[in-house]
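1. kindly generate the corresponding structure for this input.
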Amino acid sequence: MPTVPVLAVKKVMNLSDFKKFTFASLFTEESRPAFVKMQPILQTMGSSVHCLYVNTPGKFIPNQKMEQQMFQFINGNAGVPIHRHVYNHAEVENGILDFSNSNNVGWIGIASNNRKSSAAYNIGVTETILFKSDTPVFSVKLS
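-> Below you'll find the predicted structure:
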């Protein structure tokens, strides 16, 4: 897995496509360095960040608890406009795509790892999003 951020693009993007960015995450300390690595390009592109947690029946977290966790995660990392969203869906991947499509998001960011853990956002989500959608995916490897 690359040690630098990777932007996978299937079709030509316009500059306006970079204005809205979904960062899908579990919003844990483990994923904070990946978000920090994304910030310079987000600032350069003038992107607004839509932090997204997809709440699934198998990994349900009450909205208030997740919103607080997201607030703590974002605290001190506000170099760009940030919006927090908790989105309910049966599947993580389809939830990310549905949210992004319904909010006209131009690109999606995901922190990925070597698939050693069982966290929902780390096992094949990046590849699934790439397979199911033409939306560009910005991936950063977790340390």
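
2. now do the strands in this protein.
-> Under the criterion DSSP state E, strands of the chain are mapped to 6-8, 20-24, 48-55, 82-88, 107-112, 137-141.

3. just put those strands in a markdown table and tack on distance to Val125.
-> For glycine as for every other residue, the C-beta is placed from the backbone atoms N, C-alpha and C. Listed next are these as a markdown table, based on distance: least, Cβ to Cβ, whole Å:
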| stretch | distance to Val125 |
| --- | --- |
| strand 6-8 | 13 |
| strand 20-24 | 7 |
| strand 48-55 | 10 |
| strand 82-88 | 14 |
| strand 107-112 | 6 |
| strand 137-141 | 9 |
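
4. redo the ones you listed as CSV? Include mean neighbour count.
-> What follows is those, written out as CSV (neighbours: other Cβ atoms under 10 Å):
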stretch, mean neighbour count
strand 6-8, 14
strand 20-24, 25
strand 48-55, 22
strand 82-88, 17
strand 107-112, 25
strand 137-141, 22
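
5. out of those strands, nearest to Glu67?
-> strand 82-88 (5.9 Å; Cβ to Cβ).

6. neighbouring strands - and their directions - for that closest one?
-> strand 48-55 (parallel) (DSSP bridges).

7. now do the strand it pairs with against strand 20-24, angle only.
-> Using axes from the mean of the first three to the mean of the last three Cα atoms, to 10 degrees, the direction of strand 48-55 lies 30 degrees away from that of strand 20-24.

8. what would the strands of the chain look like in CSV with mean pLDDT and distance to Thr126?
-> CSV is the format used below for the strands of the chain (pLDDT from 0 to 100; distance: least, Cβ to Cβ, whole Å):
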stretch, mean pLDDT, distance to Thr126
strand 6-8, 88, 8
strand 20-24, 96, 10
strand 48-55, 96, 14
strand 82-88, 95, 18
strand 107-112, 90, 5
strand 137-141, 89, 5
